[in-house]
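*Asks:* following is a predicted model, sequence given first.
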There are 2 protein chains.
Amino acid sequence: MKSGPDIARVAALVGDPARANMLTALLDGQALTASELAQEGGVTVQTASSHLGKLLQARLVGVRKQGRHRYYDLGGRDVAHMLEALMGVAAGAGPTRVRPGPKEPALRKARVCYDHLAGDLGVQLYEGIRRLKLLAKDGEAIALTRKGRRFCTDFAIDLADLERLRRPLCRECLDWSARRSHLAGSLGSAFLARFYDLGWAKRVPSSRVVAFSSTGEKAFLDRFAA
Amino acid sequence: MKSGPDIARVAALVGDPARANMLTALLDGQALTASELAQEGGVTVQTASSHLGKLLQARLVGVRKQGRHRYYDLGGRDVAHMLEALMGVAAGAGPTRVRPGPKEPALRKARVCYDHLAGDLGVQLYEGIRRLKLLAKDGEAIALTRKGRRFCTDFAIDLADLERLRRPLCRECLDWSARRSHLAGSLGSAFLARFYDLGWAKRVPSSRVVAFSSTGEKAFLDRFAA
DNA sequence: TAGACGCTTCGATTATCATCGAGGTATGAA
DNA sequence: TTCATACCTCGATGATAATCGAAGCGTCTA
């Protein structure tokens, strides 16, 4: 009966609206201060502090002290993955369907998932580079082909840098809106950073939306969704 | 702020211990009656009924009436996936670490995940058939190679049968214990069924453990983990 | 040193929800 | 019909936990 990990404990933590909002706010990978998270959660700082204490104890978030601020970030990639999985279920569940707010279509199109691109464009990116044979499945891991490595160099992504990290280079991540995979891992992260650098896209403040400029989107589609 | 699906609602549902236990009991894909689920959850039937009503409304479970019984099963594959993701986080979280009960190692080695094989042996199966080039990634979906199709026929798996279903043939599923992918989809399901048929393994009653006989395990490793 | 700021801890209040007894409604058996 | 089973609904009870005011503790600025 009591087999496997204690799933109810962590689910209950995410089950509180205030905490859920905080976690979702952290889902883009950037760290936020306790007061900012209180704002995101729609509660006072005292309440938020209590919540953060619990999340911290369960390792769902981490902290870095910096001066008189305390920066909280997500506990890890598996936490992000779990949250996205929850969204996948929540999206198609309940009689109280999520009413598609004004931001919804934008989120569906392109958003940040921890530190890489998700949404329609994220899926297009992944499928594009698969179609161009820049990536190949080799056994368990996805790996860059020779052609892929050349492409990255051309695209000003320093592979040597990425490979020094202990983090896997390529990884699939399931998209809750598109229900398809997109590219995660350090390479996914590097791609997104490059899009920012090139001025193709930028983050919309205080949301997970990634806004592509019209020229940026054209360039993006040109490269990857040919 | 209020962007994306209502994650707290579903998390709160899973957050109750009784409901969590019920869901975990359903994770192996077989349907259970309301009374059986009450037992699994450690509550009376009235309480269980209340819980099941909520889970049903949120589509986390489904029902089939059959005579005077009501068979509940998991709402879908995405629900199963979410639960596994939660386990992944719960496994490595909290100061109250899960104490590895007697069943734990067995669960880690081989268990049922909805309807296919998970755990170490599940991962070995997947990696084995990848290594043998029976599967290939083609764009977005994983597909059987010609060699793979021949293998299945030899292994007495009726592909034509499987392909009539609307369900995808091959699919990856992330393992919470091994943190690697294993094979899901109707093919994953067919493989497991075949292992039962061959007498290589059988289910341990009222648990998710899949017990391989010693000869069965040898045959399994011979084929897939060569 | 004083004061402002960011955050946490403590304590009291309140609302939510799981729980189960009692009673009600289908289904199946005798 | 009558009884038993499987399940659900209703209502009362109780425990848990979210919430915020007040107060305390570091840290930065002047």
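*Replies:* Right, received. Where do you want to start?

*Asks:* show residues contacting the helix or strand harbouring A:Ala48.
*Replies:* Using DSSP states H and E, A:Ala48 falls within helix A:45-57. Contact with helix A:45-57 is made by A:13, A:16, A:18-19, A:22-23, A:34-35, A:37-38, A:41, A:43, A:61-63, A:72, A:75, B:94-95, as judged by C-beta atoms under 8 Å, 6 or more residues apart in numbering or on different chains. No exception for glycine: its C-beta is placed from N, CA and C like everyone else's.

*Asks:* and the lowest-mean-pLDDT helix or strand in chain A, how far out from the chain middle?
*Replies:* Counting by mean pLDDT, DSSP states H and E, the weakest-scoring helix or strand in chain A turns out to be strand A:171-174, with a mean of 70. How far strand A:171-174 lies from its chain's middle: 10 Å, per C-alpha atoms, centre = their mean, to the nearest Å.

*Asks:* alpha carbons of it, as PDB, please.
*Replies:* Extracted as PDB, the C-alpha positions of strand A:171-174 are listed here (Å, rounded to 0.1, in the frame of the first residue of the first chain):
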ATOM      1  CA  ARG A 171      17.000  16.800 -23.800                       C
ATOM      2  CA  GLU A 172      13.300  16.600 -24.700                       C
ATOM      3  CA  CYS A 173      10.700  18.400 -22.800                       C
ATOM      4  CA  LEU A 174       7.000  17.800 -23.200                       C
END
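
*Asks:* so what touches it?
*Replies:* A:81, A:84-85, A:88, A:113, A:116, A:118, A:126, A:142, A:180-185, A:188, B:81, B:172.

*Asks:* show me what that strand pairs with in its sheet, parallel or antiparallel.
*Replies:* Note on strand A:171-174: by DSSP bridges, its sheet partners are strand A:181-184 (antiparallel).

*Asks:* DNA strand D contacts on chain A?
*Replies:* A:12, A:16-18, A:43-44, A:46-47, A:50-51, A:54, A:67-68 (C-beta under 7 Å from any atom of the strand).

*Asks:* if we go to 10 Å?
*Replies:* By C-beta under 10 Å from any atom of the strand, the residues of chain A that approach DNA strand D are A:8-9, A:12-13, A:15-19, A:21-22, A:38, A:41-51, A:53-54, A:65-70.

*Asks:* just the buried residues out of those, in PyMOL syntax.
*Replies:* Selection of buried members from the residues of chain A next to DNA strand D for PyMOL, criterion 16 or more other C-beta atoms under 10 Å in any protein chain shown:
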select buried, chain A and resi 8+9+12+13+15+16+17+18+19+21+22+38+41+43+48+51+70
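
*Asks:* out of the residues of chain A next to DNA strand D, who's near DNA strand C?
*Replies:* Applying C-beta under 10 Å from any atom of the strand to these, those adjacent to DNA strand C are A:12, A:15-17, A:38, A:44-51, A:53-54, A:65-70.

*Asks:* residue closest to the middle of chain A?
*Replies:* Centroid-nearest residue in chain A: A:Cys113, 1.3 Å away (criterion: C-alpha atoms, centre = their mean).

*Asks:* and that one, how far from DNA strand C?
*Replies:* 25 Å (C-beta to the nearest atom of the strand, to the nearest Å).

*Asks:* ok, now which ones touch that residue?
*Replies:* Neighbouring residues of A:Cys113 by C-beta under 8 Å, 6+ apart: A:Leu27, A:Asp28, A:Ala80, A:Glu84, A:Gly122, A:Cys173, A:Asp175, A:His182, A:Ala184, A:Arg208.

*Asks:* closest one of those residues to DNA strand D?
*Replies:* Closest approach to DNA strand D among the contacts of A:Cys113 (C-beta to the nearest atom of the strand): A:Leu27, at 19.1 Å.

*Asks:* neighbours around the closest one, how many?
*Replies:* Neighbour count for A:Leu27, taken as other C-beta atoms under 10 Å in any protein chain shown: 22.

*Asks:* tell me which element A:Lys65 falls in.
*Replies:* Using DSSP H and E, the element containing A:Lys65 is strand A:61-66.

*Asks:* give me the sheet partners of the helix or strand just after that strand and which way each runs.
*Replies:* The element immediately downstream of strand A:61-66 (helix or strand, assigned by DSSP H and E) is strand A:69-74. Strand pairing for strand A:69-74, using DSSP bridges, gives strand A:32-33 (antiparallel), strand A:61-66 (antiparallel).

*Asks:* quick one: contacts of strand A:69-74?
*Replies:* Strand A:69-74 is contacted from outside by A:23, A:26-27, A:29-34, A:37, A:52, A:55-56, A:60-65, A:80, A:114, using C-beta under 8 Å, 6+ apart.

*Asks:* run the last query once more with 7 Å
*Replies:* With contact meaning C-beta atoms under 7 Å, 6 or more residues apart in numbering or on different chains, strand A:69-74 is reached by A:26-27, A:29, A:31-34, A:37, A:52, A:61-64, A:80, A:114.
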